[in-house]
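Student: Requesting a structural model of the entry that follows:
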Amino acid sequence: MSTEKIRNFCIIAHIDHGKSTLADRMMELTGTVEKRAMKAQLLDSMELEREKGITIKLAPVSMKWRGFELNLIDTPGHVDFSYEVSRSLQAVETAVLVVDATQGIQAQTLANVYLALEQDLTIIPVINKIDLPAADVEGVTREIVNLLGCRPEEVILVSAKTGRNVEQVLDRIVDDSSLAPKSLSSDASRQPLRALIFDSYFDDYRGVVLYVRVVSGRLEKGAEILMMAAEKRGLALEVGTLTPAMTPKETLEEGEIGYIVTNLKTTREAKVGDTVTLMKQPAAEALPGYKNVLPFVYAGFFPVSNEDYKALKEAIEKLALSDSALQFEPENSPILGFGLRIGFLGLLHMDIIRERLEREFDLELVVTSPSTNYEVVLNSGEEIEIKSAVDLPEMTEVKEIREPWVKGEIILPKEMIGAVLNLIVEKRGVQKNLSYLEGRAVIDFEAPMANLLTDFYDQLKSATSGYASFNYELADYRAEDLVRVDFLIAGARNDALSVMCHRSEAEAIGRTVTKKLKEVIPRQNFEVALQAAIGARIIARETIGAYRKDVTVKIHTGDRDRKAKLLEKQKRGKARMKRFGKIDIPSEAFTVMLKRD
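Tutor: Numbering: from 1, shown residues only. Prediction:
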């Protein structure tokens with residue numbers, strides 16, 4: 001098919017604005033999926049996606065409409081997967097922007113619009129859920145007009161649930177000839193192959209499958225291919241398009257979106273954003289925009305029973321085959337035993353991996369409080385990166401510690417600005433800009449990543465009664481007065497509880513965590529001291545009182561000396577027990593940092 005008859009587009013939106021439902025109606029209208037095989041959120045194949053109502057993995061599908069080939073990519077909406085979204089946008093010419101008629105423009109709507117404008121895409125605005133009683137079509141239309149500078153009549157009003165006006169979206173994509181893929185040459189066969197990998201996953205039976213957009217050249221089945229950034233060779237065992245099932249073809253032509261079944265063993269050999277070319281006729285340079293996505297949220301995953309460590313390691317290795325952003329290394333804790341320290345793109349990414357481990361592999365886990373990575377400059381001038389407070393060298397050797405800061409964007413009702421600005425200041429954040437968008441405010445701010453990791457989102461929702469939406473991206477690393485706070489239980493330091501924080505926040509965190517530990521650690525037969533310390537300086541303390549057994553109950557006379565003797569003996573026994581007694585720390589103690597309130 002000539003490139004004039006091909007249209008590549010994706011759907012972008014905030015979470016739960018109806019991307020996947022709109023994709024369902026498009027597949028029904030174009031006859032891509034039979035009515036009897038249709039189900040809600042067809043492209044969301046993972047059980048977790050259906051349960052949470054969000055798209056976690058993007059999904060491409062090829063459709064036919066009025067003699068045109070339409071290639072759709074249904075993208076995730078969450079900030080954790082923004083790099084995946086940006087690669088998807090690079091694989092298409094058009095972005096269908098979906099906005100909920102009841103909620104209007106949200107933080108991730110803005111973030112995805114900026115990504116689309118960066119890639120110089122044509123944006124088709126669509127207002128969804130117009131059939132709901134709470135729909136404010138006129139108000140949301142004004143918001144979109146102000147944001148994009150388009151005319152009100154260019155905004156398409158649809159109901160993805162009922163299918164109303166969905167064909168207008170397809171017609172708009174087909175009728176605009178400027179949306180066809182730009183051909184780089186009159187003869188595609190003479191151009192070297194360059195195909196952008198916008199997603200990859202591991203199939204247990206077939207190996208690594210790549211989702212690609214052919215930018216130039218042609219790819220034939222059986223060709224030897226080269227991943228330019230990873231410098232890995234492979235074979236294109238099968239090529240084809242997705243409808244949404246795999247449909248094999250002999251070749252993938254310029255402008256098309258499809259899949260390649262390879263003989264690669266892991267997605268690390270073919271990462272998102274890499275360029276595929278032919279071994280016999282390699283391209284001179286790779287496609288732009290590739291970057292190695294590094295995790296910046298780390299947490300320790302430990303099995304409840306040490307016997308399950310091998311099962312945990314094998315489970316993580318299986319998940320890592322399909323998720324090239326997942327990084328892990330062994331970790332050993334004196335209390336929790338053997339486990340893994342795993343790196344994630346964000347808290348949602350971490351939550352999904354934890355749930356998949358528990359459901360798909362039937363593992364019981366203890367997850368330590370998430371932390372971010374820090375850059376440490378030593379007195380010798382050497383720079384090292386640490387992923388946990390335990391890895392911090394002695395402070396006498398440290399010149400400075402840099403922590404990651406993020407650029408954040410919050411959209412909220414005007415009357416709630418004061419409460420949110422106070423929350424940002426509490427988190428050591430700095431307000432950068434305050435603008436207004438049709439009755440709502442947009443706050444731009446910068447804040448340390450570590451302070452947003454635990455309960456910032458929950459506190460934001462509480463302060464705004466759930467009306468605020470939040471989006472962020474990594475800004476840079478900044479040198480701050482950071483310290484390591486250790487927690488001692490009965491005089492023994494517990495590395496799994498150690499945290500990095502700003503010196504000004506250390507005492508408050510120490511008091512909060514020791515109080516929380518007092519609630520979750522059971523009482524013993526001896527007194528247990530819970531302490532927070534910076535180095536050798538104790539900054540907070542709580543005491544768990546001992547159980548008191550009434551040893552005088554067997555004395556039936558009123559002999560005061562006898563009673564005093566027995567109580568003194570008990571006191572000496574408790575003092576000895578305090579020196580040698582072991583404390584069983586429950587798994588809840590390691591998650592107290594997640595919800596400090």
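Student: Three-state assignment for residue 307, please.
Tutor: helix (DSSP: H, G, I helix; E, B strand; the rest coil).
Student: what number of residues lie near the residue nearest to residue 154 when sequence neighbours are not counted?
Tutor: What sits nearest to residue 154 in space, not counting adjacent residues and going by Cβ to Cβ, 6 or more residues apart in numbering, is residue 125, at 6.7 Å. Where C-beta positions appear, they are placed from N, C-alpha and C, glycine not excepted. Counted with other Cβ atoms under 10 Å, the neighbours of residue 125 add up to 22.
Student: Can you spell out which residues form a bridge with residue 125?
Tutor: residue 97 (DSSP bridges).
Student: List the residues that contact residue 22.
Tutor: Contacts for residue 22 (Cβ atoms under 8 Å, 6 or more residues apart in numbering) come out as 11, 96, 98, 126, 128, 158, 160, 166, 169.
Student: What residues of stretch 468-487 count as buried?
Tutor: For stretch 468-487, a neighbour-count test (16 or more other Cβ atoms under 10 Å) marks 468-472, 477, 480, 482-487 as buried.
Student: For residue 363, state which of these is nearest.
Tutor: Residue 363 lies nearest to residue 487 out of the buried residues of stretch 468-487, by Cβ to Cβ, at 26.1 Å.
Student: ok, now how distant is the closest residue to that closest one other than its chain neighbours from residue 480?
Tutor: Ranked by Cβ to Cβ, 6+ apart and with sequence neighbours excluded, the top spatial neighbour of residue 487 is residue 497, at 4.2 Å. As judged by Cβ to Cβ, to the nearest Å, residue 497 and residue 480 stand 22 Å apart.
Student: How about residue 464?
Tutor: Residue 464 is 28 Å from residue 480, by Cβ to Cβ.
Student: on that earlier part again, could you report the neighbour count for the residue nearest to residue 487?
Tutor: Residue 497: 24 neighbours (other Cβ under 10 Å).
Student: repeat for the one 3 residues further on
Tutor: The burial count assigned to residue 500 is 22, neighbours taken as other Cβ under 10 Å.
Student: which element is residue 514 on?
Tutor: For residue 514, the enclosing helix or strand under DSSP states H and E is helix 503-520.
Student: Mind listing the strands the very next helix or strand once past that helix pairs with, and their directions?
Tutor: Sequence order places strand 528-534 as the next helix or strand after helix 503-520, per DSSP H and E. Neighbouring strands of strand 528-534 in its sheet, by DSSP bridges, are strand 482-489 (antiparallel), strand 537-544 (antiparallel).
Student: Tell me the secondary structure at residue 348.
Tutor: With three-state DSSP as the criterion, residue 348 reads helix.
Student: Against residue 333, how distant is it?
Tutor: 26 Å.
Student: With residue 33 instead?
Tutor: Residue 33 is 49 Å from residue 333, by Cβ to Cβ.
Student: repeat for residue 353
Tutor: 19 Å.
Student: higher neighbour count, those two?
Tutor: Shown here are residue 353 and residue 333; by other Cβ under 10 Å, residue 353 has more neighbours (22 against 18).
Student: can you pull the alpha-carbon coordinates of the one helix or strand that one maps to into CSV?
Tutor: Assigned by DSSP H and E, residue 353 falls within helix 347-360. What follows is helix 347-360 as a C-alpha-only set of coordinates in CSV (Å, rounded to 0.1, in the frame of the first residue of the first chain):
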residue,chain,number,x,y,z
LEU,A,347,5.6,4.4,42.4
LEU,A,348,2.9,3.0,40.0
HIS,A,349,5.6,0.9,38.2
MET,A,350,6.7,-0.5,41.6
ASP,A,351,3.1,-1.2,42.7
ILE,A,352,2.4,-3.1,39.5
ILE,A,353,5.5,-5.2,39.8
ARG,A,354,4.7,-6.0,43.5
GLU,A,355,1.1,-7.0,42.6
ARG,A,356,2.3,-9.2,39.7
LEU,A,357,4.9,-11.0,41.9
GLU,A,358,2.2,-11.7,44.5
ARG,A,359,-0.5,-12.8,42.0
GLU,A,360,1.3,-14.5,39.1
